[in-house]
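> Need coordinates for the below:
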Amino acid sequence: MRGDIESGEKYRRTTVNTSSSYGGGVEERDSQWTSWLIPMFVVANIAMFIITMFVNNCPHHNYDRDGKCVARFLGRFSFQPTSDNPLFGPSSHTLEKLGALEWTKVVHKHQGWRLVTCMWLHAGIIHLVVNMFSLVFIGIRLEQQFGFVRIGVVYLLSGLGGSILSALFIHNSISVGASGALFGLLGAMLSELLTNWTIYSNKAAAIFTLLVIVVINLAVGLLPHVDNYAHICGFLSGFLLGFVLLLRPQYVWVPRINLPANVRAKSKYKGYQYVLWLVSLFLLIAGFTVGLVMLFRGVNGNDHCDWCQYLDCISTSKWKCDR
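From the prediction side, this is the model:
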């Protein structure tokens, strides 16, 4: 019997102390997934930005005619005047043409596909670089830890959630960016940290990483064409999805097959993990259902939340936010 118990302990010790997605130590199994989906997302976003700038062709289509194109040596890939786009990117017209989120087209012209296509467009080179750097920094490690299926679901559903809230509040301008999906990964990081709290050895590094990236992206969200509504709802969606999809077995758990017959197996997950799973799943289903119903009924979120406007774009002497 002692040999059987030692066999179970041996299985448990096949875990190694490695760096987690957040920089904190975590006990996990030796095998890791190979990250390929997140790099593909990065390539797709960069490719779409190149295509967007090609279509924009600032020297030939300077819609506002109130300034010179930036970096004219790039030819048709040069950027719009900063008075039009301070993020060094294309015009609003080009982004709208290629699938930016625009309330009228989604609700009245039945172009619901814009809720998804806007995730693959970026307002400018600054917007793109910040998002892609954050995506690589966070997404690759998460994919290695949990696999491409779960992280892909978190990314896409969080982006969709961010688009829904954006469309509810932004009726007078467009919105683009992968920030909602990125904030979903951040939210999933936080919920995964909380639900698997006992297995982490460096929690301070995890919290610090989250705060730095969240603050940077929230600051960028105050500029035109980028909205913090997507950031907020993307974060909340990812936070709930983390409780549903990113559970880890408690450290003392050993598969039944590795235990002797007369030894009682411990539960794979703790009780609070099951509770959080059920509550989060319910809130996700309810939130997406209510959000979509309100959106396609033409509800204006600003009519129900006067102060929410301060979460979004801030107008300055250099640019104006028409929202």
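> Wait, I140 touches S35, no?
Yes: under the criterion of CB atoms under 8 Å, I140 makes contact with S35 at 4.5 Å. No exception for glycine: its C-beta is placed from N, CA and C like everyone else's.
> in the protein, which spans are strands?
Using DSSP state E, the strands of the chain run over residues 16-19, 25-28.
> ranking these by mean pLDDT, which is last?
When those are compared on mean pLDDT, strand 16-19 scores lowest, with a mean of 39.
> Spatially nearest residue to H127 (excluding sequence neighbours)?
Among residues not flanking H127 along the chain, L87 sits closest, at 4.9 Å (CB to CB, 6 or more residues apart in numbering).
> What pLDDT does the model give that neighbour?
The score at L87 is 86. That number is its pLDDT.
> How about D66?
55.
> Likewise for Y63?
49.
> mind checking how far the residue nearest to K97 when sequence neighbours are not counted is from V43?
Nearest residue to K97 in three dimensions, chain neighbours excluded: V55, at 7.1 Å (CB to CB, 6+ apart). Distance of V55 to V43, given as CB to CB, to the nearest Å: 19 Å.
> Also L135?
From L135 to V43 the distance is 11 Å (CB to CB).
> of those two, who's got more company?
Between L135 and V43, counting by other CB atoms under 10 Å, L135 is the more crowded of the two (21 against 11).
> how far away is the closest residue to the more buried one other than its chain neighbours from K105?
Among residues not flanking L135 along the chain, L182 sits closest, at 5.6 Å (CB to CB, 6+ apart). In this view, L182 and K105 are 24 Å apart by CB to CB.
> Of these two, which one has the most company?
L182 (31 against 18).
> correct me, but the residue nearest to H127 touches A123?
Yes: using CB under 8 Å, L87 is in contact with A123, at 4.8 Å.
> Show me where the chain has its helices.
With helices called from DSSP state H, the chain shows them at 2-12, 37-56, 92-97, 103-107, 114-117, 125-146, 148-169, 179-195, 203-220, 228-245, 271-296.
> average model confidence for the first one?
It refers to helix 2-12. 40.
> Repeat that for the third one.
Regarding helix 92-97, the rounded mean pLDDT is 92.
> ok, now the shortest one?
Summarised as a single mean, pLDDT over helix 114-117 is 95.
> Report all helices and strands that that helix contacts.
helix 103-107, helix 148-169 (3 or more CB pairs under 8 Å, 6 or more residues apart in numbering; DSSP states H and E).
> hang on, the earlier thing: give me the more crowded residue out of L87 and A123.
Legend: neighbour count by other CB under 10 Å for L87 and A123, higher for A123 (28 against 24).
> Am I right that the more buried one is in contact with P86?
No: here A123 lies out of contact with P86, judged by CB under 8 Å, at a distance of 9.2 Å.
> Give me the neighbour count for the nearest residue to L156 once chain neighbours are set aside.
Sequence neighbours aside, A181 is the residue nearest to L156 in space, at 6.8 Å (criterion: CB to CB, 6+ apart). By other CB under 10 Å, the residues close to A181 number 28.
> T34 versus Q144, what's the distance?
As judged by CB to CB, Q144 and T34 stand 7 Å apart.
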